[in-house]
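need a 3D model of the following:
(2 chains)
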Number of protein chains: 2
Amino acid sequence: MAEQGNEKKQGFVEHITPRDEDFSQWYTDVIMKTELVDYAPVRGCMVLRPYGYAIWERIQEEMDKRFKATGHQNVYMPMLIPESLLLKEAEHVEGFAPEVAWVTQGGNEPLQERLAIRPTSETIFCAMYSKWVSSWRDLPMKYNQWCSVMRWEKTTRPFLRTAEFLWQEGHTIHATAEEAQEETLQMLEVYREVVEEELAIPVLIGRKSDKEKFAGAQATYSMEAMMQDGKALQAGTSHNFGTNFAEAFNIQYLNKEGKLTYVHETSWGTTTRLIGAIIMTHGDERGLKLPPRIAPIQVVIVPVAAHKGGVMEKCQELYDQLKAQGLRVKLDDRDTLSPGFKFNDWELKGVPLRIEIGPRDLEKGQCIVFRRDTYEKQEVALQELSHKLPLLLDDIQKNMFAIAREFRDGRIKVVSNMEELKKATENGFAKAMWCGERACEDRIKAEMSVTSRNMPFDQQPVGDHCVCCGEKADKVIYFAKAY
Amino acid sequence: MAEQGNEKKQGFVEHITPRDEDFSQWYTDVIMKTELVDYAPVRGCMVLRPYGYAIWERIQEEMDKRFKATGHQNVYMPMLIPESLLLKEAEHVEGFAPEVAWVTQGGNEPLQERLAIRPTSETIFCAMYSKWVSSWRDLPMKYNQWCSVMRWEKTTRPFLRTAEFLWQEGHTIHATAEEAQEETLQMLEVYREVVEEELAIPVLIGRKSDKEKFAGAQATYSMEAMMQDGKALQAGTSHNFGTNFAEAFNIQYLNKEGKLTYVHETSWGTTTRLIGAIIMTHGDERGLKLPPRIAPIQVVIVPVAAHKGGVMEKCQELYDQLKAQGLRVKLDDRDTLSPGFKFNDWELKGVPLRIEIGPRDLEKGQCIVFRRDTYEKQEVALQELSHKLPLLLDDIQKNMFAIAREFRDGRIKVVSNMEELKKATENGFAKAMWCGERACEDRIKAEMSVTSRNMPFDQQPVGDHCVCCGEKADKVIYFAKAY
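From the prediction side, this is the model:
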């Protein structure tokens, strides 16, 4: 048994590509070896395995309760959208048509009209809203749905960009422009809170440039996270459509004065991409590192010399106690694997805390507690465990966020010309002044594959001329290479 | 205000077709007027509106916690299945091919191979299981997914039969036939428990005939509920595939003796159809009637003369108190509608308990509590409310189940010839002996549009000759018209 354990243990170490050597391969190794995900028999699609899906369930839980607390209700809209419906808003269809998967046959018969598998559901929400709204009393309508969407991407990577992915999409309609803008920013703030406080990922929030905004939106806001290779990952977006869609779909209501008025609309979404963000923000050479608040397993108990009298009994007792306390705990009672193998396995899987208990610990009435974030081991009296573990989990959560923020802040450089911009975005973000012209964004993208991320709400200038054209500039903006 | 209220109140009563007059139209009126659902812009698809989706969330919650308690894990498999994969198990493809929606184009390019939108996911689970299993140590694998599926049906009705519907599908693989059979029956029992205890719908559980079993299954078990028109609704199924799919997909493992062995597989599913079952089991002439354990709103508080001093304050106080107590409560504070309108509205929506509070109640330190199931009103002292409401909800739940069971049992007739079978299935179920020949099932279906439902586990004979051909028969089976 021990032999097999050691063999596999070395296997782990050998098989994860070092992060610094090849970040991209490290990522692939981590997601595959932790069994988060697998490739599906359909091009560009992924399978979410139990451990990966469990993380998604945790994210859903945290998001969903906040959606409900802010007055949103869940619904379900059909996955198929008639082509004629998709064509109604011009910018929108232009943005999405090239990525649509089309259903052309139902059963044995060809369809009269092609049906799109939803790439996003603005059009179908609009079609229904136009049916449901008649008076100001019906407003606002604040709906959300959890589903999958399909975008026929050429190049795919699990979690980051796949043909099908899971997400939530909120769609709301409001009586006034002010309310719609308030909603747009409120949901951006909900996203920020979940991502920073639960996922321990620091984000930059701000407004997208017109070039980078959502197809059909008046304004798009995003949160941008920095991965350990210095690249940006757009972690969520919130859009204000104004009356664009309402006009295309004729969504009008009678206001208090009895006048027909277009509604103001928003939409906002986050996806399984957030799991990719967790991996690339926190992972290290031993594998995944999960923030305690989102970890499906927060504490794993590994018996040492499990066959010795009393060890398994004590482990089971501890398991019951910690579970009853509300911790997400697992007892690794696999009897064909060595403790050493298990240690590596759970470090690889990113479990925040590990408890080791052997016969000598039992004698001393203690156990060993191992922190995944710092690799520290400490002896803890068994009777203090229930008190100590929640404190340790809190500390790990804070520590992981602090480390990620320090890393990110150290790689944001203020730049004032193209050379500095290029250098800064080789391994981080550039903060720059921008004139507002799309031509400058286009040139930056063409020359260095760098895109504008967003314009922070704090527009305190960091210069007065455009980083690209050198003209007078009053917009503060972040640039980065992006996933 | 009061005028508008009364006007709309009468509106409700007028617009629901009486149950006895036209059950089918009554059903449509109820689902549309309670805003559970709406028709989508795509043929045969439905939109689940907030109230309908909230019921689905309650069902999900009850199912999911039991799946997890019995050792299952959630995953997500892609919605698209290559045609070649679907073709691997012959019976299966024969069963589903006529109902498949096909994707033939991705972006602007035609696909080399057609992709099916999953009608069910056995084939893709099998493809993945064949990758994931190698040793007996890997077994069992017990996975479930929550998703939507697509079946291109000709005739559709919301909840009962739609082109797309939401469901869960469990797929498990096991080392032995015994374990697979145990799993199949365990999940049937989980279903029975949820449907009887939470949805208050009595079901008959048993095994399907070969004619009615799932395409590719060795054995299918079902639970069958009786709707108020006497028709059967198949409320959930659990299948044992034996090694059928394992052989088609080559899912083998090395057993403890080092020999390659096929796994034994099961699958089981329930759908949003259960919402249809709730409506048609419990609804009445006033509309929907929801069992308290599944109701998104268990208690609604309606202020009477809300403008009078202290009324809204007391309502809000009660709301906070009941909510903190864990009840699903709503305060109807809409200020443009009369109490009478609201009473009708919440009766229509099937909320189990209504609390009415006006100035005179305040004086007496009491409120009126109305039971949706019995239409009874009682005065309850405010200080007893927290204690009393949970008892009332329990009583309603039990009462609704008892009434549904009594109704059903009164419409199950033991029959011994075709004439009796025809008569019994005009407004209920027939319990009969059957020889086991498909020819008899075919004849019964052809002559009276009646199908076999299932063979109960208790096979206590109710005769000795087949209800159809008159030959010797040893199988007890239920027949009914079915949704």
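
which residues sit against stretch A:32-42?
For stretch A:32-42, the external contacting residues (CB atoms under 8 Å, 6 or more residues apart in numbering or on different chains) are A:12, A:15-16, A:30-31, A:45-52, A:55, A:158-159, A:163, A:275, A:279, A:287-288, A:348-350, B:77-78, B:80-82, B:85, B:115, B:124, B:127-128, B:131-132. In this view, the C-beta of every residue, glycine as well, is placed from N, C-alpha and C.

okay, buried residues for that stretch please.
By 16 or more other CB atoms under 10 Å in any protein chain shown, the buried positions in stretch A:32-42 come out as A:32-34, A:36-42.

what sits against the residue nearest to the spatial centre of chain A?
For chain A, residue A:274 is the residue whose C-alpha lies nearest the centre (CA atoms, centre = their mean; 1.5 Å). Counting by CB under 8 Å, 6+ apart, residue A:274 makes contact with A:59, A:195, A:199, A:235-236.

pick out whichever of those sits closest to residue A:480.
Here the nearest of the contacts of residue A:274 to residue A:480, counting by CB to CB, is residue A:235; it sits at 12.9 Å.

that closest one contacts residue A:192, correct?
No - assessed by CB atoms under 8 Å, residue A:235 is found out of contact with residue A:192, at 9.1 Å.

okay, those two: which has more neighbours?
residue A:235 (26 against 18; other CB atoms under 10 Å in any protein chain shown).

average pLDDT for the helix or strand hosting the more buried one?
Assigned by DSSP states H and E, residue A:235 belongs to strand A:232-242. Across strand A:232-242, the average pLDDT comes to 98.

circling back to that earlier point, joint contacts of residue A:235 and residue A:192?
With CB under 8 Å, 6+ apart as the test, residue A:235 and residue A:192 both reach A:203, A:223.

what is the neighbour count of residue A:460?
Around residue A:460 there are 6 residues (other CB under 10 Å).

what about it, distance to chain B?
Distance of residue A:460 to chain B, given as CB to the nearest CB, to the nearest Å: 42 Å.

pretty sure residue A:125 contacts residue A:77?
Yes - using CB under 8 Å, residue A:125 is in contact with residue A:77, at 6.4 Å.

so is residue A:111 in a helix, a strand, or just coil?
Following DSSP: H, G, I helix; E, B strand; the rest coil, the label given to residue A:111 is strand.

same question, the one 4 residues further on
In terms of secondary structure, residue A:115 is strand; the call rests on three-state DSSP.

show me what it is bridged to.
Assessed by DSSP bridges, residue A:115 has beta-bridge partners residue A:82, residue A:103.

which residues does it contact?
By CB under 8 Å, 6+ apart, the contact list for residue A:115 reads A:80-83, A:102-104, B:42, B:101.

can you list the buried residues of stretch A:32-42 in JSON lines and add secondary structure and pLDDT?
Below are the buried residues of stretch A:32-42 laid out as JSON lines (DSSP: H, G, I helix; E, B strand; the rest coil; pLDDT from 0 to 100):
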{"residue": "A:32", "secondary structure": "helix", "pLDDT": "96"}
{"residue": "A:33", "secondary structure": "helix", "pLDDT": "95"}
{"residue": "A:34", "secondary structure": "coil", "pLDDT": "96"}
{"residue": "A:36", "secondary structure": "coil", "pLDDT": "98"}
{"residue": "A:37", "secondary structure": "strand", "pLDDT": "97"}
{"residue": "A:38", "secondary structure": "strand", "pLDDT": "97"}
{"residue": "A:39", "secondary structure": "strand", "pLDDT": "95"}
{"residue": "A:40", "secondary structure": "coil", "pLDDT": "93"}
{"residue": "A:41", "secondary structure": "coil", "pLDDT": "93"}
{"residue": "A:42", "secondary structure": "coil", "pLDDT": "91"}
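
torsion angles phi and psi at residue A:422?
When quoted as degrees, to the nearest 10, the phi and psi of residue A:422 stand at phi -60, psi -50.

against residue A:479, how distant is the closest residue to it other than its chain neighbours?
Distances taken as CB to CB, 6 or more residues apart in numbering or on different chains place residue A:448 nearest to residue A:422, at 5.0 Å, with adjacent residues excluded. Distance of residue A:448 to residue A:479, computed by CB to CB, to the nearest Å: 9 Å.

who touches both of the two?
By CB under 8 Å, 6+ apart, residue A:448 and residue A:479 have these common neighbours: A:421, A:425.

quick one: which of the two has more around it?
residue A:479 (26 against 17).

per-residue confidence for that one?
pLDDT recorded at residue A:479 is 98.

dump the C-alpha coordinates for the helix or strand hosting residue A:323 into CSV.
Using DSSP H and E, residue A:323 maps to helix A:311-324. Taking C-alpha atoms only, helix A:311-324 is exported to CSV below (Å, rounded to 0.1, in the frame of the first residue of the first chain):
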residue,chain,number,x,y,z
VAL,A,311,-7.6,6.4,15.3
MET,A,312,-10.5,5.9,12.9
GLU,A,313,-13.0,6.2,15.7
LYS,A,314,-11.5,9.5,16.7
CYS,A,315,-11.5,10.7,13.1
GLN,A,316,-15.1,9.8,12.7
GLU,A,317,-16.0,11.5,15.9
LEU,A,318,-14.2,14.7,14.8
TYR,A,319,-15.9,14.5,11.4
ASP,A,320,-19.3,14.3,13.0
GLN,A,321,-18.5,17.2,15.4
LEU,A,322,-17.2,19.5,12.7
LYS,A,323,-20.0,18.7,10.3
ALA,A,324,-22.6,19.4,12.9
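
give the buried residues for it.
So helix A:311-324, judged by 16+ other CB under 10 Å, has buried residues A:311-312, A:314-315, A:318-319, A:322.

ok, residues contacting that helix?
Contacts of helix A:311-324 (CB under 8 Å, 6+ apart): A:299, A:301, A:303-306, A:329-331, A:333, A:355, A:357-359, A:362, A:367, A:382, A:385-386, A:389.

per-residue confidence averaged over it?
97.

what about the following helix or strand past it, near chain B?
Proceeding N to C from helix A:311-324, the next assigned helix or strand is strand A:329-331, under DSSP H and E. No - shown here: strand A:329-331 not in contact with chain B (CB under 8 Å from any CB of the partner chain), separated by at least 12.4 Å.

what is residue A:223 paired to in the beta sheet?
Bridge pairing for residue A:223 - DSSP bridges - gives residue A:205, residue A:236.

neighbours of it, just the number please.
Residue A:223, neighbours per other CB under 10 Å, totals 27.

so the nearest residue to residue A:482 once chain neighbours are set aside bridges to which residues?
Leaving out its chain neighbours, the residue that sits closest to residue A:482 by CB to CB, 6+ apart is residue A:232, at 4.4 Å. For residue A:232, the beta-bridge partners under DSSP bridges are residue A:226, residue A:482.
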